[in-house]
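Asks: quick one, structure for this:
(chains A and B)
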Amino acid sequence: MIDEQLQVLSSVVASQTKLHRRFGGVVPEVASRAHVQQILPVIDEALRLAATRLEDLAAISVVTHPGLVGSLLVGLTAAKSLAMLLGIPLVPVNHIEAHIYACRMQAARDVFPAIGLVVSGGHTNLYDCPEPIGFELLGSTIDDAAGEAFDKVAAILGLDYPGGPAIQRAAAAGNPKAFRFPRSFLREAQRLEFSFSGLKTAVLYEVAGTPPAEYDRKALAPQYVADLAASFQEAVVDVLIAKCRQALAARGRKALCVGGGVVANTRFRERLATLAAEDGIEVFIPPLSLCTDNAAMSAVAWELLHRGQTAGLDLDVAAGLVRKR
Amino acid sequence: MPCNPHRPAPSSPASALLFIAPDEDATSRLGAALAGVLESGTVIALVGNLGAGKTRLVRAVAEAAGVDRREIRSPTFVLVHEYEGRWPIYHFDTYRLHDVNEFEQLGAAEYFASAAVCIVEWADRVTQLLPTDHFRIEIKTTGDTSREFRFSATGPKSQRLVTRLAEALGSTRP
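Replies: Modelled structure (predicted):
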């Protein structure tokens, strides 16, 4: 629930509430049946926390892409029903673009034009964002997302899941220059794409040899793991920062909006601060609650609503990312 | 289905086909050959460890089938990607799933029954939910950039694909 001044009146994430416990352990987005069971309680809870009634709503926003068709359809059907019953506009939102808009919410002032980077378990996307809506995708990962690389390298190193915090903890005691890992497309300024699969495989080769042999993940020496984690993390951050710089230069932008769960990484934050200071760039980072997946960042719906970008009840989901419709 | 007496029985090890790719370019050639023989309704089971090149092979097939290259990437987090090419491609990844039930809940059966090419990464984790007749590809890391691909059939339809792939590779082998 977000008001027109972009204040979050309430934000409910089903997987973080007691509603979710009954489905404990399930990869949440798989369970469209669980979505069906949870969507009404989540809406009720959001209304209750915001002390608002359904009748007071001005519009309903809903994510139509990207995501799993089954899960998206549950949300879309609920949103359409509410829009029809209440006679209010239905506003379709792109989930990844909403991650960038979270920066606008946090800043409480205009942050555009900007370059946007969304970096999470499922996405590593760079956008040019001339305005609050209508972002141009400059490039994305051609294989693994950055967050996915953290998880998989954590698995290779025998560290916990999720890999982001585990790698960061291990890296704290490690030497980021201990291993020279690949940094894909680092010097190809025109190529605003990412590739983290080769980096993941390079870590595996270092640990298990080439071709990889069986090894005991739990028997790796702590300092070895720390050095590998630090060197891996530095390689990922080097690439993320370099591609932001290249995109900023290519489009002549002076602001950078970053979103997605990988923003929680402290080394990445340090390097973003350095970039801001060295290049004279304004860097916007939302609070963690708006970085991980949430509905509040759909506040971008107000921008769409003001521009008349609403949808009819024949609105459909688009599961793919850059699918032409 | 007519039976060819000169062919080994489906799913016997003798029906398998091997392809050695010294580098990624060879994987791209393999992808093109595969895209040339696949037909909608095929389910491909991809088996191989982390870093073996499962997503890389899917990229090669999808690009050769005309999919926008920017759309192709690892589905580990999103669980399934949909691509539009010569046929629709559903690109699955079971890495993050806890058990076969979650794969079932994902709607695997409906995807498999559609007129698309379905490619499943980490398919060995959900073997019991795959169609009886599926096309199995095992990838083994043999060196820094070299990979060994082993193609095998589990039924008459996939056997036909193995045969056609062998012919296609025979005529394009470097």
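
Asks: now the longest helix along chain B - C-alpha only, CSV.
Replies: Counting residues, the longest helix in chain B under DSSP state H turns out to be helix B:156-172. Extracted as CSV, the C-alpha positions of helix B:156-172 are listed here (Å, rounded to 0.1, in the frame of the first residue of the first chain):
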residue,chain,number,x,y,z
PRO,B,156,11.8,-44.7,-30.4
LYS,B,157,11.2,-41.0,-30.9
SER,B,158,14.5,-40.0,-29.1
GLN,B,159,16.3,-42.8,-30.9
ARG,B,160,15.3,-41.2,-34.2
LEU,B,161,16.8,-37.9,-33.0
VAL,B,162,20.0,-39.6,-32.0
THR,B,163,20.3,-41.1,-35.5
ARG,B,164,19.5,-37.9,-37.2
LEU,B,165,22.0,-36.0,-35.0
ALA,B,166,24.7,-38.5,-35.8
GLU,B,167,24.0,-37.9,-39.6
ALA,B,168,24.0,-34.1,-39.1
LEU,B,169,27.3,-34.2,-37.1
GLY,B,170,28.8,-36.6,-39.6
SER,B,171,28.4,-34.1,-42.4
THR,B,172,29.6,-31.1,-40.4
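
Asks: show residues contacting it.
Replies: Residues from elsewhere that reach helix B:156-172 (CB atoms under 8 Å, 6 or more residues apart in numbering or on different chains): B:1, B:7, B:10, B:15-17, B:19, B:29-30, B:32-34, B:36-39, B:42, B:133-136, B:151-153. C-beta: built from backbone N, CA, C; applies to glycine.

Asks: residues of that helix that come out buried?
Replies: Residues B:K157, B:S158, B:Q159, B:R160, B:L161, B:V162, B:T163, B:R164, B:L165, B:A166, B:A168, B:L169 are the ones in helix B:156-172 that count as buried (16 or more other CB atoms under 10 Å in any protein chain shown).

Asks: could you do stretch A:275-286 as well?
Replies: Neighbour-count burial for stretch A:275-286 flags A:L275, A:A276, A:I281, A:V283, A:F284, A:I285, A:P286 (criterion: 16+ other CB under 10 Å).

Asks: tell me the SS of the most centrally placed residue in chain B?
Replies: The centre of chain B sits closest to B:I44, judged by CA atoms, centre = their mean, with a distance of 3.6 Å. Assigned by DSSP: H, G, I helix; E, B strand; the rest coil, the conformation of B:I44 is strand.

Asks: correct me, but it touches B:A116?
Replies: No. Assessed by CB atoms under 8 Å, B:I44 is found out of contact with B:A116, at 11.2 Å.

Asks: before we move on, the earlier item: now, which of the contacts of helix B:156-172 lie within helices?
Replies: Applying DSSP H to those, the entries found in helices are B:R29, B:L30, B:A32, B:A33, B:L34, B:G36, B:V37.

Asks: between those residues, which sits nearest A:G164?
Replies: Nearest to A:G164, judged by CB to CB, of the ones in helices among the contacts of helix B:156-172 is B:L30 at 34.0 Å.

Asks: show me the strands in chain B, by range?
Replies: B:17-21, B:43-47, B:80-84, B:88-93, B:117-121, B:135-141, B:147-153 (DSSP state E).

Asks: in space, what's closest to the closest residue to chain B within the stretch 201-325 of chain A - neighbours in sequence excluded?
Replies: The stretch 201-325 of chain A approaches chain B most closely through A:T201 (3.5 Å), counting by CB to the nearest CB. Ranked by CB to CB, 6 or more residues apart in numbering or on different chains and with sequence neighbours excluded, the top spatial neighbour of A:T201 is B:G51, at 3.5 Å.

Asks: quick check: pLDDT value at that neighbour.
Replies: Looking at B:G51, its pLDDT stands at 95.

Asks: wouldn't it be in contact with A:P211 here?
Replies: No. Under the criterion of CB under 8 Å, B:G51 makes no contact with A:P211, lying 9.9 Å away.
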